[in-house]
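In: Sequence first, predicted model second:
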Amino acid sequence: MTPLRLRHGLLAILLLMGVWQSVLPVAAQVRDEVTLGVFAYRPEPVIRERYAPLADYLSQESGVQVRLEVLTQEELTRSLAANRVDFFLTNPSHFLLIRSERSLTGVLATVIRSWNGQSTGSIGGVILARQERDDINTLKDLRNKSIATPGVHYLGGYQTQALELLDAGLDIQRGNRIVRLGNHDRVVKAVLAGDADVGFVRTGIYEDLFRESPGLAGELKVINRQELRGYPFVLSTRLYPEWPLVSLPHVDSRVVRRIASALFALEPEHPAARAAELSGFSPPADYQSVEELARRLRVAPYDQVPRVTWLDVLNQYRYWVAAVAVLVILLAMTSLWLGRKKRQLVVEERRQRTLIASWPQPMLMLREGVLIDCNRAAVDLVRYSSESSLLGKSLTAFSPFVQPGGTPSMQKAESLLAKVMRGEVVQSEWLFVRSDGSEVWVDMTLAPVQEPGSGAPSVLCAWYDISRRKNAEERQRLALRVFENAREAIFITDAHGAIIDINDAYTNITGFERDQAVGSMPPMPLDEGSSILVVAREHGVWSGEFASGRQSGEAVVLNLTLSSVFDESGALSHFVGVFSDITRLKDTERKLRTMAHYDALTGLPNRVLFSDRLQQSMAQARRQNYSLAVLYIDLDQFKPVNDAFGHGAGDALLVEVSRRMRATLREEDTLARLGGDEFSAIVVNIAGEAALQQLLFRLLEAIAEPAWVADHSVEVSASIGYTLYPQASELDGDQLLRQADQAMYRAKRAGKNRYCKFSDAVS
Amino acid sequence: MNRRHFLRLSVSAAAALAMIGCGRSESLRVGVHPWIGYEPLFLAEEFGWLADSVKLVKGQAATDSMDGLLTGELDAAALTLDEVIRVYAEGVPLRVVAVTDVSVGADMMMVKPGITSLSGLRGRSIGVELAGVSGVLLFSILEHAGLESHEVTLVDLPVNRHLDAWQRGEIDASICYEPVASSLAKVGGTRLFDSSDLPETIFDVLVVTEAAARNRAAAVRDLVQAHFRGLRHVVRSMHDAVYRIATRQAIHPDLVRRALATIMLPELAANQRYLARRGQLEAVARRLAEILVREGLISSAPEYDRLCDPSFLPRSLR
């Protein structure tokens, strides 16, 4: 809004001025006077003298009084600002400056100067130096020289020279001391006086000077002199259009027309023209070259490069700026977004790397059969020192030549990888040889990983250490084999004793098939029964031998060890029993025992068992306070039987006699064969001596009965000695037997076939 | 003629061989002769706007430049369009890279005072540089006048010798241009006919050989650029240019102003238009080729796909 309003304001002022100005020419017409300002490029009286006739001529020809004012550039500028000048004549550079300030000025005509009969509409510059300055001959010599000039707004007095020097590579505006002296005469004087090294003047001044003071000839020289055919003046520069005569817009157009026609009508021969040293006026020239010059030199009005503000740029290029801004913002946002994504990715990647690297499970990456990456756990598993010692190797590098199962490692690996390349995920058990030579079983999983951008797919490889499982399996297999192949029967029961499993030996020994046995109770001693389970539970183990029956009813002796099995919590979970069939062993044992204590021929206890029984019977007698008798029996005339009928007959006789004696004695009594034809007996719980003697008599009778041996009836008798226990003094078994032996000898001596009691007195 | 032709060919072959050997680093040699339309090039040289890659070889007349092109001494030249066709017809392929000016009265016929009309030319001797643009103008004038070429006496003479011939009475009329025309005017000659009567027919152009256009494009561009910078000085600083041209041609500045009025100096945009494919220039070139063949000045029209090449014109002036 503000600029618009301002513009309206300006318009109003201009309108007002227009009204005012339209009044002015009327006033001028009334006064019939206009002012012609002429720029005093030379001292004011000189200019006034030259241009006064022109003003008179114009007054006369146009019917308008033309008043001449000779002004310096500053005065002219001030007068123009006050609208006190209607027409002015000045140099092109000054005209440009004025035009740039006022905008509304029109060139009526361009001056044509004449000199010695030649005329020109062109102006240039002259560079003067004193003749004796040998150091100044070309443009280049002006470097660092002081320069006298009427002023920088003089075309021929400064700007033309400055441009030539600029083209020659010298920027005098920067590199030289410039002395501004106001007009051309002072410049020439300064050069002549040596106050300045060189002087700049416009064309024509040099010639004027020589005409006025011919004495100066030879004192000055022209630098960079241009020899231009048809140009009347000496010259150092290129040429530009001559001075313009300018009318100001406030002058009435009729006045302008009259003045213009008077100007163009001016003939070279006219005194006014001669006085001003003109040959007339030509139509306005093109001052473009002067503008160009001012632009290149950056002198007024082109000294100030318009300051381009940001707002101007914005205004001019707002769509571009907006587009670029949007793009920049987009770019920045994209960058930020990308940056954040990248950071996230980096963090993610680092986390994954850390995760994989520190993952307790060995993980590896293969490409083209070769390891390209692995984590710490993998290195540890194969007991290598570092990852780098693994990378670049194939799986077979730390595998035995042949895998368990008989396939060579290389072949197996190739077939696995081939499957993976087809996109399958494969799993296989694999045996590795560690760096220290030990073996480790792993469960290896191989999976293809298609990484975009890389040619061959990578293979992710995970290892799971199954050595312990493998070992356990091995042990289990072994245990099973033991279980199955053991000669001992093995059974496993639950906590209550019911069979869960048995081995083949169990069936062999007991005759029960597996399905019969499972669920039933194992064989147990009849007397103790399931109490052995309690014992085994409390003491961990029970063992013992007992008689049992096979399925067929056949008796069998078993030797059982029953162990209790506890679970992790210490609770009893199972019983394991191992038993063997010791029936035959028991038989053998019994036979051996029999052989040790009984007489092989008669089956009677031998001397060892007899002594044993005697000890027991004596102890019992003492405890129960009864008497026992020890008998010593020796067959009479046995030897002749033996000799007559042979040992077989003798043995048969001994067996028969033994049987009869055994039958005669009571069950609780003991009869033993001491050797040969000697026997001994223990008769316990004797009711009285009479009863004993009655028994002895029956014995003798039984022995004396004829016996049929070897197809012969033979008769033998026996001599029996006996002794009683207890006696007055304490005796041992051997003494008792000796007493009985002595008594037997007495009976022998007494005539055989009789019994005799031991008596101390006899001995 | 055959002998001369053979000589030219052998010389040009030798020159071509020499160029292959050592010519690469040398500057582009441009044949020019005094003509107001070529003044921008001279001004450019004077103000130092001519790049080192370009060297002006100054001849007296168009024939010098044409011979230079034929012998291979020159890589480029400033010539009229018909001269270009003649050189092309003699076996040196050329490309027009700029139009320097279009004659609107610059080429003219100066006649002795007794001759007042074109028909008055019958039986008179006419000085003409048949090998140059003058030939085309002459035949056009004769066509205009309804005369056959055998009805007049043709004196084939380089234009710089016309004044002498005129003064010795050897010729009654001259096909010429400034500055010779002014010189003839001083000794009583009057203008009977000029190129403004044949609008847009007489073009002055800058041509380069096909080889230079191909191999030394940068130098060709420098040449064209220099012409346009000189042209700008003529247009913008005419006050200065007039005196400099006057000095070089040794005539009065007013004559220069007058001469400038007889040509059009096409600027960049106009050049683009003239040099365009199927543009004015190629049309005129075809017509000129027909005239030249008809008058027996060339044996056959040159064959080319494209004569003009605007690609060396600068986009703008620095």
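Out: Cool, got the structure.

In: ok, the nearest residue to residue A:192 once chain neighbours are set aside - how many residues close by?
Out: Leaving out its chain neighbours, the residue that sits closest to residue A:192 by CB to CB, 6 or more residues apart in numbering or on different chains is residue A:219, at 6.3 Å. Every residue, glycine included, has its C-beta placed from N, CA and C. Using other CB atoms under 10 Å in any protein chain shown, the number of residues around residue A:219 comes to 14.

In: what sits against residue A:219?
Out: Taking CB atoms under 8 Å, 6 or more residues apart in numbering or on different chains as the criterion, residue A:219 is in contact with A:130-131, A:192.

In: Just the residues you listed: which are in helices?
Out: residue A:192 (DSSP state H).

In: Pull out the buried members of the contacts of residue A:219.
Out: A:130, A:192 (16 or more other CB atoms under 10 Å in any protein chain shown).

In: ok, back up a step: please report how far the residue nearest to residue A:192 lies from chain B.
Out: 27 Å (CB to the nearest CB, to the nearest Å).

In: Can you report phi and psi for that residue?
Out: phi -90, psi -20 (degrees, to the nearest 10).

In: just residue B:313 next, same as before
Out: Backbone phi and psi, for residue B:313 under degrees, to the nearest 10, turn out to be phi -70, psi 130.

In: So it sits against residue B:272, correct?
Out: Yes: the pair residue B:313 / residue B:272 is scored as a contact, 6.3 Å apart, by CB atoms under 8 Å.

In: Quick check: residues of the stretch 51-200 of chain A near chain B?
Out: A:120-124, A:167 (CB under 8 Å from any CB of the partner chain).

In: what's the closest of those residues to chain B?
Out: residue A:122 (4.0 Å; CB to the nearest CB).

In: The closest one pairs with what?
Out: residue A:241 (DSSP bridges).

In: okay, the residue of the stretch 601-750 of chain A found nearest chain B: pLDDT?
Out: Closest to chain B within the stretch 601-750 of chain A is residue A:608: 143.7 Å, counting by CB to the nearest CB. With respect to pLDDT, residue A:608 has a value of 88.

In: Ok, residue B:164 next?
Out: 92.

In: low-confidence ranges in chain A?
Out: A:1-31, A:103-105, A:304-308, A:453-455, A:760-763 (pLDDT under 70).

In: could you say which helix or strand contains the most centrally placed residue in it?
Out: Most central in chain A under CA atoms, centre = their mean is residue A:353, positioned 2.3 Å from the mean C-alpha point. When secondary structure is defined by DSSP states H and E, residue A:353 falls within helix A:318-358.

In: and what of residue B:269?
Out: helix B:268-275.

In: what does residue A:542 give?
Out: With DSSP H and E as the test, residue A:542 turns up in strand A:541-549.

In: so how far is residue A:316 from residue B:281?
Out: 39 Å (CB to CB, to the nearest Å).

In: neighbour-wise, which of these two wins?
Out: Per other CB under 10 Å, whichever of residue B:281 and residue A:316 has more neighbours is residue B:281, with 24 against 11.

In: Check what pLDDT the more buried one gets.
Out: 91.

In: for it, what are its contacts?
Out: Residue B:281 touches B:81, B:96, B:99, B:203, B:205, B:274-275, B:307-308, counting by CB under 8 Å, 6+ apart.

In: let's see 7 Å
Out: B:81, B:96, B:99, B:203, B:274-275, B:308 (CB atoms under 7 Å, 6 or more residues apart in numbering or on different chains).

In: Reformat the contacts of residue A:219 into JSON lines and put distance to residue B:255 next to each item.
Out: JSON lines is the format used below for the contacts of residue A:219 (distance: CB to CB, whole Å):
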{"residue": "A:130", "distance to residue B:255": "38"}
{"residue": "A:131", "distance to residue B:255": "35"}
{"residue": "A:192", "distance to residue B:255": "39"}
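
In: now, among the contacts of residue A:219, which is nearest to chain B?
Out: Using CB to the nearest CB, these come closest to chain B at residue A:131, 25.2 Å.

In: The closest residue to that closest one other than its chain neighbours: neighbouring residues, count only.
Out: Nearest residue to residue A:131, sequence neighbours excluded (CB to CB, 6+ apart): residue A:221, at 5.0 Å. Residue A:221 is flanked by 16 other residues according to other CB under 10 Å.

In: Then residue A:527?
Out: So residue A:527, with other CB under 10 Å, has 8 neighbours.

In: Residue A:543 too?
Out: Based on other CB under 10 Å, the number of other residues close to residue A:543 is 16.

In: so which helix or strand takes in the residue lying closest to it once chain neighbours are set aside?
Out: Among residues not flanking residue A:543 along the chain, residue A:561 sits closest, at 4.2 Å (CB to CB, 6+ apart). If you go by DSSP H and E, residue A:561 is part of strand A:555-566.

In: quick revisit: show me what contacts the residue of the stretch 601-750 of chain A closest to chain B?
Out: Residue A:608 neighbours (CB under 7 Å, 6+ apart): A:596-597.

In: so residue B:99 sits in a helix?
Out: No: counting by DSSP: H, G, I helix; E, B strand; the rest coil, residue B:99 falls outside a helix, being strand.

In: Roughly how far does it sit from chain A?
Out: From residue B:99 to chain A the distance is 23 Å (CB to the nearest CB).

In: And for residue B:192?
Out: Taking CB to the nearest CB, one finds residue B:192 at 28 Å from chain A.

In: what does residue B:118 give?
Out: Relative to chain A, and taking CB to the nearest CB, residue B:118 is found at 34 Å.

In: Same question for residue B:306.
Out: Distance from residue B:306 to chain A, by CB to the nearest CB: 36 Å.

In: Tell me the secondary structure of that residue, please.
Out: Residue B:306 is classified as coil under three-state DSSP.

In: nearest to chain A, of the contacts of residue B:281?
Out: residue B:99 (23.2 Å).

In: buried ones in the helix or strand harbouring residue A:312?
Out: Assigned by DSSP H and E, residue A:312 falls within helix A:310-316. For helix A:310-316, the neighbour count (16+ other CB under 10 Å) marks no residue as buried.

In: Tabulate the CA atom coordinates of that helix in PDB.
Out: Written as PDB, here are the backbone C-alpha positions of helix A:310-316 (Å, rounded to 0.1, in the frame of the first residue of the first chain):
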ATOM      1  CA  TRP A 310      18.200  -9.400  -1.300                       C
ATOM      2  CA  LEU A 311      14.800  -8.100  -1.700                       C
ATOM      3  CA  ASP A 312      15.600  -7.200  -5.400                       C
ATOM      4  CA  VAL A 313      16.900 -10.700  -6.000                       C
ATOM      5  CA  LEU A 314      13.900 -12.200  -4.300                       C
ATOM      6  CA  ASN A 315      11.600 -10.000  -6.300                       C
ATOM      7  CA  GLN A 316      13.300 -10.800  -9.500                       C
END
